[in-house]
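**Q** no sequence on this one, just coordinates:
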């Protein structure tokens, strides 16, 4: 096995002996060869089939419709599903595009060296799985099963996680923790004794005031939250949005606070100051449920709106007014914790400030604030106990990030470098459903780690950039073509949803459960996969829950009565929180004990050098970053990102609307592809904005290749959150390059 | 019976679900669309306003596209829905020229195509796909001749506007503002 | 600043960023149709005025150009159709509100009639022509007997043919550049002008040339008047029309419009006509060619610029 890993672009010839019709992107009723293949594969299916979406974590339950010839035509929402209430978001509706995307991975691929050059050679499943099992076995034998790590996002993680645990490793990381929501879960945990939860238990439909600070609901298409926000607007709820950009949510808000970027913590502390010193806080709630009020009061004595004005550029009167609005609506108020919160490295503290604010308002556990979600405990299909790993991710991060509740992906990446101490080194990666090069901003470390790792197997539906680094690529079929674990996520009413295939897997792709089982059997772990078909597992689990596969196929979703108690605190109810003091800790004893600031302290962050602008990134409602960047239906809506430039800045640089420019950061890194300029009043003059997930460098992603710019490649500055290891990415700056830069080898 | 649609710009977030749903419901070829979402931005930072609109054929009461069609392919059916009979259309493009809303396009198969208010669903008592899918529930549809229909009620309650009223087309897609 | 943009990535072929449904086939037809209308009009007019002898080219010779012009024009229209196999649907109905329907039926009537008209003069123009068919001979005699009535019909049809395209375009209030009631008259005048220019060019008869030179001059003046009136009307009208007019007053079509249509196509031949009247000898090909080219380019510009303009909201 070659020790140096060349980045291999999956070329058309490498995709198996299937002669490709000249890549015609005909709509599915066209006659291109893959459409015929799809039709044949789908023969035998008719009607509608329950499923839950895999395009984003919201996992809305829906129905996949097929026509008389069994071809998938459209997907709609399941009316009984509390996640979507019968209406999918544009990505869910566009899920058919993921199924019909002709750029999909079709066969397993094995990296082989041919004539001194590394190439992907299409292989059969037996050959590929044998190789994976053999390598994993070898590495496990030599270095212990703990040296195998899994990076995952979405459903595949359920199956490969089970496999890894059966092997005896616990090193499973989802980048969504350290690259996305980790800080807020830690911040919440040290305050309320529990993480925020996913989906967030925000009672938006009953709220009287919704405060969005670093959340852009409406552009982030978290279906249930967008729906409930629309309900709230209908009912006249007050929306307060804090954003340097005039987001869609800002356009629907009664108050938009155009804050100077990176100064949010000052605003939050000033709000806390106003609530305390104007005695607007929820007295009863604070007295009953919180600890550390007096310490907090003293701490924020000098954090006045006037002080915050100098930092945030927000008028003191506005800060006071919005604080009063929140208090007025309390406890039916939500200061939204946000979701992607890895910004400047002090993110745990900033989200803690949000938690404190919510506690002062009494929104946690109140109607119109946060409800107590409950999920169904789906019983584990019987299997032998998992072996206890000799070491795990906790050992890797215990000292550095004691309060990180989940594995920090960048820690596992660093532990894969060859300099790592022998006994704690990760030597093999399974990557399932996440495109690491566009996800993890520490480009150099990631590149080096991918070289140092001895074996990497990537499971994906599309030839995303990560597949170019794999030793073996296993093509997964889309969610429309497979059974999967039951969805059981926390909501107002506990519920489960069934995923069922509406068509046979296209080409030679396979579901993750099958891959995991096949690997398990080859690894001698067949006892952990003691079933023939995944329907056996589902049938057993559903029987345990008092229903059946038959019933679930008809309804798709089943709700269960709550057993953990009411949605909200009852009046006068006492409650013990899972914290050191048993109360909501306004003063975080856990942080104090581990040597961090027990109450948030504002620290100024780096500002852009002259001629540079802060790089702000976000979402578009019709995309889920890489996952949909090649989807034909969704690229039809948006096929590239734009860079938002304030008109004053555009005048300075002589930029015109629609012009293409390259972006360069102070470290000299230039974006691989040019990005189109949108001159708009919606962005501050000190920042530029773009949607994340574009700028793909793979030609095989025929619709995504070269479209727009990749913001991740411009993020040279990453500030690590000392509390939980999150990678703060908003401290990056860019300038414009209007001439065509010297052509260079494009590699992701 | 007079079908009409009302869309609440205060709730619309511009997610374009209506566009994708229409596409999968009506087999609209990729690269074409029967409905689309526009955004108008006015003001100067930080005093900015935006209006987001989901637009489509307005099924006008005084439809110029029906008047100018030389073969009668472009016609109005019960409920005021403007439809195109594919095998009567010669593809001359006059109707495309006549629409102030640029709602029509030339389908690759040769005939002129546009939004049909999902007529095939209306005759079964359903509603257009875009209305059914909208996550913010900002789209209302129904019979204007029925005072109890949701669209009659919302238009009575809220301020609304239509697009280019001065064109004299009497459009039947209303935007709540 | 104000922004108007598509959020959903709309980029329909031939519709965005601006309409481009009608390509070169349409302006070419407009030119040929206008030319044929002019030629047939004069042929009919001078027959009615009993001046066949004084204007032989107008009545007999130049009218030979009309049938092929109409046929080529019709073929252009057919080429432009996107659903060609159904073109016959045009003739299954007459829709009184649709100028295009008027045009379809007018063309259906005038084309064979123009063939018949020219065919009836074949014996005079082509020496030794013989139909070699008893029925055709009889038919020819019948046509010759009823020439006057045929001329009336042709004059009416020619006027409709010359004006209906302008009315068709002006009925699209969604295309502000076309939405002026002057357009019909402008097209008719232009058609008559190109017809006159052709006759003037082809004629070997001095008187005929002089008369048609004068007619052309008069038509040029009228056309200039119409164009001025049209632009003034746009400027005094609503925002969409002000924007439409700006295409010719500083916008993308300014140079081509003023140089090729106004100067080359109207003013220059007009000046040459004045010189001719004053007694200078001008080779007749020059003003005639200029008028024809100007007429053709005028239609190209109008069709393309009209599709650029749109309703603003």
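**A** It's in. Not measured: the values here are computed from a predicted model. Numbering: from 1, shown residues only, chains lettered A, B, ... in the order given.
**Q** By mean pLDDT, flag the weakest helix or strand of chain C.
**A** Scoring the helices and strands of chain C by mean pLDDT, DSSP states H and E places helix C:56 at the bottom, with a mean of 87.
**Q** So what touches that helix?
**A** Residues external to helix C:56 that are found in contact with it (CB atoms under 8 Å, 6 or more residues apart in numbering or on different chains): C:205, C:208. Where C-beta positions appear, they are placed from N, C-alpha and C, glycine not excepted.
**Q** Likewise for stretch A:417-425?
**A** The contact list for stretch A:417-425, computed with CB under 8 Å, 6+ apart, reads A:143, A:147, A:391, A:395-396, A:414-416, A:426, A:445, A:448-449, A:452.
**Q** what number of residues lie near the residue in chain B positioned nearest to chain C?
**A** Distances between chain B and chain C by CB to the nearest CB are smallest at residue B:91, namely 2.9 Å. By other CB atoms under 10 Å in any protein chain shown, 22 other residues sit near residue B:91.
**Q** same deal with the one 10 residues further on?
**A** The local packing of residue B:101 (other CB under 10 Å) involves 22 other residues.
**Q** Now do the contacts for it.
**A** With contact set as CB under 8 Å, 6+ apart, residue B:101 has these partners: B:55, B:57, B:58, B:163, B:164, B:171, C:174, C:311.
**Q** Where does the spatially closest residue to the last one that is not a sequence neighbour sit: helix, strand or coil?
**A** Right, residue C:311. Counting by CB to CB, 6 or more residues apart in numbering or on different chains, residue C:311 lies nearest to residue B:100, which is 3.9 Å off, once chain neighbours are set aside. Here residue B:100 is coil, with the state taken from DSSP: H, G, I helix; E, B strand; the rest coil.
**Q** where does chain A have low pLDDT?
**A** By pLDDT under 70, the low-scoring segments of chain A are A:1-4, A:9-46, A:742-748.
**Q** Domains in it, by residue range?
**A** Segmentation of chain A into domains, based on automatic domain parsing, reads A:193-370+A:568-593, A:613-737.
**Q** Quickly check: stretch A:323-339 near chain B or not.
**A** No - on the criterion CB under 8 Å from any CB of the partner chain, stretch A:323-339 is out of touch with chain B, staying 15.5 Å away.
**Q** Show me what from chain B comes close to chain A.
**A** When proximity is defined as CB under 8 Å from any CB, chain B approaches chain A at B:10-11, B:13-17, B:19-21, B:23-25, B:27, B:29-31, B:33, B:41, B:43-46, B:48-50, B:52, B:132-138.
**Q** helix/strand/coil for residue C:20?
**A** Three-state call for residue C:20 (three-state DSSP): coil.
**Q** Enumerate every residue touching it.
**A** Counting by CB under 8 Å, 6+ apart, residue C:20 has contacts C:14, C:307.
**Q** any idea how far it is from residue C:6?
**A** 17 Å (CB to CB, to the nearest Å).
**Q** Hmm, residue A:441 is touching residue A:712, no?
**A** Yes - using CB atoms under 8 Å, residue A:441 makes contact with residue A:712 at a distance of 5.6 Å.
**Q** Pull the contacting residues for the residue of chain B most remote from its centre.
**A** Within chain B, residue B:46 marks the point farthest from the mean C-alpha position, 32.7 Å out by CA atoms, centre = their mean. Counting by CB under 8 Å, 6+ apart, residue B:46 touches A:246, A:256, A:258.
**Q** Mind doing that once more with 6 Å?
**A** Contacts for residue B:46 were tallied using CB atoms under 6 Å, 6 or more residues apart in numbering or on different chains; they are residue A:258.
**Q** Same check on residue B:128?
**A** If you count contacts by CB under 6 Å, 6+ apart, residue B:128 has them with B:117, B:118.
**Q** Which residues does the helix or strand hosting residue C:74 contact?
**A** Element membership of residue C:74, judged by DSSP states H and E, is helix C:66-80. The contact list for helix C:66-80 (CB under 6 Å, 6+ apart) reads C:25-26, C:28-29, C:32-33, C:35-36, C:39-40, C:111, C:114-115, C:118.
**Q** Identify, from these, the entry nearest to residue B:147.
**A** Using CB to CB, residue C:26 comes nearest to residue B:147 of the contacts of helix C:66-80, at 47.1 Å.
**Q** does that closest one really touch residue C:303, like I thought?
**A** Yes - assessed by CB atoms under 6 Å, residue C:26 is found in contact with residue C:303 at 5.4 Å.
**Q** How about the contacts made by residue C:287?
**A** Contacts for residue C:287 were tallied using CB under 6 Å, 6+ apart; they are C:269, C:272.
**Q** So it: helix, strand or coil?
**A** Look at residue C:287: counting by three-state DSSP, its state is helix.
**Q** which one is the closest residue to chain B within chain C nearest to, not counting chain neighbours?
**A** Minimum separation of chain C from chain B (CB to the nearest CB) falls at residue C:82, amounting to 2.9 Å. Of all residues not flanking residue C:82 in the chain, residue B:91 sits nearest, at 2.9 Å (CB to CB, 6+ apart).
**Q** ok, now residue A:508?
**A** Nearest non-adjacent residue to residue A:508, counting by CB to CB, 6+ apart: residue A:107, 4.5 Å away.
**Q** secondary structure element for the residue sitting nearest the centre point of chain A?
**A** For chain A, the residue nearest the mean C-alpha position is residue A:176 (4.5 Å; CA atoms, centre = their mean). Secondary structure assigned from DSSP H and E places residue A:176 in helix A:175-176.
**Q** hmm, who's touching the longest helix seen in chain B?
**A** Criterion DSSP state H: the longest helix present in chain B is helix B:17-26. Helix B:17-26 has contacts (CB under 6 Å, 6+ apart) with A:74, A:89-90, A:93-94, A:96, A:633, B:33-35, B:54, B:129-130, B:133-134, C:8.
**Q** Which single one of these is nearest to residue A:376?
**A** The closest of those, once distances to residue A:376 are taken by CB to CB, is residue A:89, at 23.6 Å.
**Q** The domains of chain A into a markdown table, with extra columns for mean neighbour count?
**A** Listed next are the domains of chain A as a markdown table, based on neighbours: other CB atoms under 10 Å in any protein chain shown:
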| stretch | mean neighbour count |
| --- | --- |
| domain A:193-370+A:568-593 | 22 |
| domain A:613-737 | 22 |
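**Q** Quick one: closest of those domains to residue C:256.
**A** Across the domains of chain A, closest to residue C:256 is domain A:613-737 (CB to CB), at 24.3 Å.
**Q** circling back: from the chain's centre, how far out does the helix holding residue A:176 sit?
**A** A distance of 6 Å separates the centroid of the chain from that of helix A:175-176, by CA atoms, centre = their mean, to the nearest Å.
**Q** try stretch A:432-439
**A** Stretch A:432-439 sits 10 Å away from the centroid of its parent chain (CA atoms, centre = their mean).
**Q** how much space between the residue nearest to residue A:508 and chain C?
**A** 32 Å (CB to the nearest CB, to the nearest Å).
**Q** Helix, strand, or coil at that residue?
**A** coil.
**Q** thinking it is in contact with residue A:510, fair?
**A** No - taking contacts as CB under 6 Å, residue A:107 lies outside contact range of residue A:510: 10.3 Å.
**Q** of the two, who's got more company?
**A** Per other CB under 10 Å, whichever of residue A:107 and residue A:510 has more neighbours is residue A:107, with 23 against 20.
**Q** how close does the residue of chain A found nearest chain C sit to residue A:606?
**A** Chain C sits closest to residue A:637 of chain A, with a gap of 4.7 Å, by CB to the nearest CB. Computed as CB to CB, the residue A:637 to residue A:606 distance reads 35 Å.
**Q** Of the contacts of stretch A:417-425, keep whichever come out buried.
**A** Buried members of these, counted by 16 or more other CB atoms under 10 Å in any protein chain shown: A:143, A:147, A:395, A:396, A:414, A:415, A:416, A:426, A:445, A:448, A:449, A:452.
**Q** Which residues are in contact with the second one?
**A** When you say that, I think you mean residue A:147. Counted by CB under 6 Å, 6+ apart, residue A:147 has contacts A:139, A:426, A:427.
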